[in-house]
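Asks: After the sequence you'll find the predicted model.
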Amino acid sequence: MEFETLSIHGGHLENHAAVPIVPPLVLSSTFERGADGVLPGGFLYGRTGNPNRESIEQLLAKLESGAAALAFASGSAAMFAVFHALRPGDHVIAPDDAYHGTMALLRNVFSRWGLTCSFVDLTKPEAFRAALRPETRLVWIESPSNPLLKITDIQEISRIAHEAGVLVGVDSTFATPVLQNPLLLGADVVMHSATKYLGGHSDLISGCLVFKETDETFAHARQYQTLGGAVPSPFDCWLLARGLQTLSLRVAAQMKNAQAVAEYLEGHPAVEKVHYPGLWSHPGHALASKQMRGFGAMMSLQIKNGEAATAKVLSKVALCRRATSLGGTETLIEHRALVEGPDTTTPRNLIRLSVGIEHVADIIADLEQALSV
């Protein structure tokens, strides 16, 4: 072969017998057909399928006890796929303390699509029942919620919803499949921002949906994933597969640290309130104990003396990193209302804390010096 040809084809391994322990990264955007027109591996084009993506979709379905999973370019894209499966005129019920991005999608994007939405306190099943309309097609649950860590009875809400013919979706990002499996509690689809705990190292952006059945909603979400091109890169899929290997170990370590941090903060004179379901004082503690296999590593705290005092605490942290996101190995701290903007309903004195896997004594020491007058 000449140089130009050799530089393209000379690196191909022929009849290689090695079996790598670490799954290979398949970066190709397209796949070759056989002479008969058949695709030997079943893959046509990177937007419609990729070995790395197929691998994590199969794994995620197993972790959530679902029939099938779809991986997306972000958690927001995964949510978009569910809402997009609805029709103009349909009604959605969502939590009154939902993730700010969820509210923005429903209010700013899908209102133009013709969807209507009611934001209610889903910790009260009677409030959910009262919000149901003939045109209600979806209830979207967050449990634990972001950022107030409210706990919703997924089983009871699912029961009421299904009696009314309403689809149930659950954002279970804070809980992870380690601590909670919404599909086993009656939900139809579960969403994760895989950027967070599933990836676990703050180095990828991805999201996923896991479905109880491969029904019409699944088919529409799959079509949106493919035709809309809302797919994660092969490298992000490879990183996610790596992160999932240590998910249970990381969550266990983070949760142990979080319990100690929450108990410390609850007794601190500068702290007005701690939102963490592992505390006996949390209104959802009993339900979380029943519904989950642990309380997670996310919490929020409200600082006494208002927003100025809250900003001062954030300015003094040294170990805790001031950043938006959660679920990584490092402890992240954030003034949530400041990030969400002027239309937020989050208390102005609220700090969201994602507890990492550092030594808990170091985390507490950093918070102690930051909270000191």
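Replies: Received the coordinates, thanks. Numbering: from 1, shown residues only.
Asks: hey, let's count contacts and neighbours off CA atoms from now on
Replies: Fine.
Asks: where in the stretch 1-150 of the chain is pLDDT low?
Replies: Residues of the stretch 1-150 of the chain meeting the criterion pLDDT under 70: 7, 13-16.
Asks: how many neighbours does residue 5 have?
Replies: By the criterion of other C-alpha atoms under 10 Å, residue 5 has 9 neighbours.
Asks: immediately after the host helix or strand of it, which helix or strand?
Replies: According to DSSP states H and E, residue 5 maps onto helix 3-9. Note on helix 3-9: by DSSP H and E, the next helix or strand toward the C-terminus is helix 51-63.
Asks: which element follows that next one toward the C-terminus?
Replies: Remark: after helix 51-63, the chain's next helix or strand is strand 68-72, criterion DSSP H and E.
Asks: Packing partners of that next one?
Replies: Other helices and strands packing on strand 68-72, by 3 or more C-alpha pairs under 8 Å, 6 or more residues apart in numbering; DSSP states H and E, are helix 51-63, strand 207-211, helix 216-227.
Asks: what comes into contact with it?
Replies: Under the contact criterion C-alpha atoms under 8 Å, 6 or more residues apart in numbering, strand 68-72 has outside partners 53, 56-58, 60-61, 78, 206-214, 221-222, 225, 230-232.
Asks: Pairing partners for that strand, with directions?
Replies: Note on strand 68-72: by DSSP bridges, its sheet partners are strand 207-211 (antiparallel).
Asks: now the angle between helix 51-63 and the strand it pairs with, please.
Replies: Strand 207-211 runs at 50 degrees relative to helix 51-63, counting by axes from the mean of the first three to the mean of the last three C-alpha atoms, to 10 degrees.
Asks: Quick one: mean pLDDT for strand 207-211?
Replies: In this model, strand 207-211 has an average pLDDT of 98.
Asks: In terms of secondary structure, what does the strand or helix carrying residue 314 contact?
Replies: In this structure, residue 314 sits in helix 306-316 according to DSSP H and E. Under the contact criterion of 3+ C-alpha pairs under 8 Å, 6+ apart, helix 306-316 touches strand 298-303, strand 332-335, helix 360-371.
Asks: Generate a ChimeraX selection restricted to the buried subset of the contacts of strand 68-72.
Replies: Here is the ChimeraX command that picks out the buried ones among those, judged by 16 or more other C-alpha atoms under 10 Å:
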select :53,56,57,58,60,61,78,206,207,208,209,210,211,212,221,222,225,230,231,232
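Asks: okay if I get the helices and strands packed on strand 68-72 as TSV plus distance to residue 194?
Replies: Compiled in TSV, the helices and strands packed on strand 68-72 are given as follows (distance: least, C-alpha to C-alpha, whole Å):
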stretch	distance to residue 194
helix 51-63	10
strand 207-211	5
helix 216-227	16
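Asks: Which among these is found nearest to residue 373?
Replies: Closest to residue 373 of those, according to C-alpha to C-alpha: strand 207-211, at 40.7 Å.
Asks: and the closest one with helix 216-227, angle?
Replies: Using the same axes, to 10 degrees: strand 207-211 against helix 216-227 is 150 degrees.
Asks: Dig out what the closest residue to residue 321 other than its chain neighbours forms beta bridges with.
Replies: Leaving aside its chain neighbours, residue 321 sits nearest to residue 332 (4.8 Å; criterion: C-alpha to C-alpha, 6 or more residues apart in numbering). Under DSSP bridges, the beta-bridge partners of residue 332 are residue 321, residue 354.
Asks: show me what contacts residue 332?
Replies: When contacts are counted by C-alpha under 8 Å, 6+ apart, residue 332 touches 320, 321, 322, 323, 324, 325, 326, 353, 354, 355, 356.
Asks: Neighbours of the closest residue in space to the third one that isn't next to it in sequence, how many?
Replies: Pointing back at residue 322 there. Sequence neighbours aside, residue 333 is the residue nearest to residue 322 in space, at 5.0 Å (criterion: C-alpha to C-alpha, 6+ apart). By the measure other C-alpha under 10 Å, the count of residues near residue 333 is 23.
Asks: do the same with residue 240
Replies: Neighbours around residue 240, by other C-alpha under 10 Å: 26.
Asks: That one: helix or strand, and which one exactly?
Replies: Here residue 240 is assigned to helix 234-244, by DSSP H and E.
Asks: which other helices and strands contact that helix?
Replies: If you count contacts as 3+ C-alpha pairs under 8 Å, 6+ apart, helix 234-244 packs onto helix 51-63.
Asks: Now do the helix it packs on against helix 234-244, angle only.
Replies: For helix 51-63 against helix 234-244, the angle by the same axes, to 10 degrees is 30 degrees.
Asks: If you count contacts, what does helix 51-63 end up packed against?
Replies: Using 3+ C-alpha pairs under 8 Å, 6+ apart: helix 51-63 touches strand 68-72, strand 207-211, helix 234-244.
Asks: With adjacent residues omitted, what lies nearest to residue 232?
Replies: The shortest distance from residue 232 to any residue other than its chain neighbours is 4.0 Å, reached at residue 73 (C-alpha to C-alpha, 6+ apart).
Asks: I'd assumed residue 228 was in contact with the one you found.
Replies: No: contact criterion C-alpha atoms under 8 Å: residue 73 and residue 228 do not qualify, at 10.8 Å.
Asks: Who has more neighbours out of the two?
Replies: Taking neighbours as other C-alpha under 10 Å, residue 73 and residue 228 compare with residue 73 leading, 23 against 13.
Asks: Would you enumerate the residues in contact with the more buried one?
Replies: Per C-alpha under 8 Å, 6+ apart, neighbours of residue 73: 205, 206, 207, 230, 231, 232, 233.
Asks: Help me confirm that the fourth one is found in a strand?
Replies: No: when DSSP: H, G, I helix; E, B strand; the rest coil is applied, residue 230 is found to be coil, with no strand at that position.
Asks: what residues are up against it?
Replies: With contact taken as C-alpha under 8 Å, 6+ apart, residue 230 is in contact with 72, 73, 77, 224.
Asks: Same check on residue 262?
Replies: Contact analysis of residue 262 by C-alpha under 8 Å, 6+ apart lists 274, 276, 279, 299.
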